[in-house]
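K.L.:
Just the structure for this:
(one chain, ligands or ions: 1)
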Amino acid sequence: MKKILLIHGPNLNHLGKRDPAHYGSLTLDELEDTLRSQAETEDYTLKTFQSNHEGALIDFIQENGDAAGILINPGALTHSSYALHDALLDSGLPCVEVHLSDIKNREPWRAISVTTPACLKQFYGKQVQSYEEALDFLLSQL
Ligand code: DQA
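P.N.:
Model prediction:
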């Protein structure tokens, strides 16, 4: 089966413990299970990866260049990591960025994404629904 990379950046391993007003109450495992079913209905498998380390995220992207596409929530690296931007761009894969919270209506620094220019589109602000819509969009591009 063709694979989609579902990548989560720093602190997203703590979903379920983080502020539910921003991030909802699902754990990362629960979120991934929902998306896995969604991908499988379109005959894609999800290869998931979470790390709190920028370099590990970049290594994972470089090592999985045979994927069909990337769905990524870079966490706070969204707002600072030019290295992650370059890894996404260099992969040559269709990438979609996703956030659980409404990053446009929180602290001003969260509204800035340095990774979005390497992505086809950014989804945010609807908690788990942001992910579902982002995955639907990515699937529509493959
Ligand atoms: C986040 C938004 C980021 O600003 C934050 O640092 C996160 C999660 C989100 O999914 O809303 O860790 O990417």
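K.L.:
now the strands for this structure?
P.N.:
Per DSSP state E, the chain carries strands over the ranges 2-8, 44-50, 69-73, 95-98, 121-123.
K.L.:
Up against the ligand, what does the chain have?
P.N.:
Selection of the chain residues close to the ligand by C-beta under 6 Å from any ligand atom yields Asn11, Asn73, Gly75, Ala76, Thr78, His99, Leu100, Ser101, Ile103, Arg110. All C-beta spots, glycine's among them, are computed from the backbone N, C-alpha and C.
K.L.:
Between all of those residues, which two are separated the most?
P.N.:
By the measure C-beta to C-beta, Asn11 and Ile103 form the most distant pair in these, at 14.1 Å.
K.L.:
between the two, which one's more packed in?
P.N.:
It is Ile103, of Asn11 and Ile103, that has more neighbours when counted by other C-beta atoms under 10 Å, with 19 against 14.
K.L.:
before we move on, back to that, could the strands of the chain be laid out in a markdown table, adding mean pLDDT and mean neighbour count?
P.N.:
Converted to a markdown table, the strands of the chain look like this (pLDDT from 0 to 100; neighbours: other C-beta atoms under 10 Å):
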| stretch | mean pLDDT | mean neighbour count |
| --- | --- | --- |
| strand 2-8 | 97 | 21 |
| strand 44-50 | 98 | 17 |
| strand 69-73 | 98 | 25 |
| strand 95-98 | 98 | 25 |
| strand 121-123 | 98 | 19 |
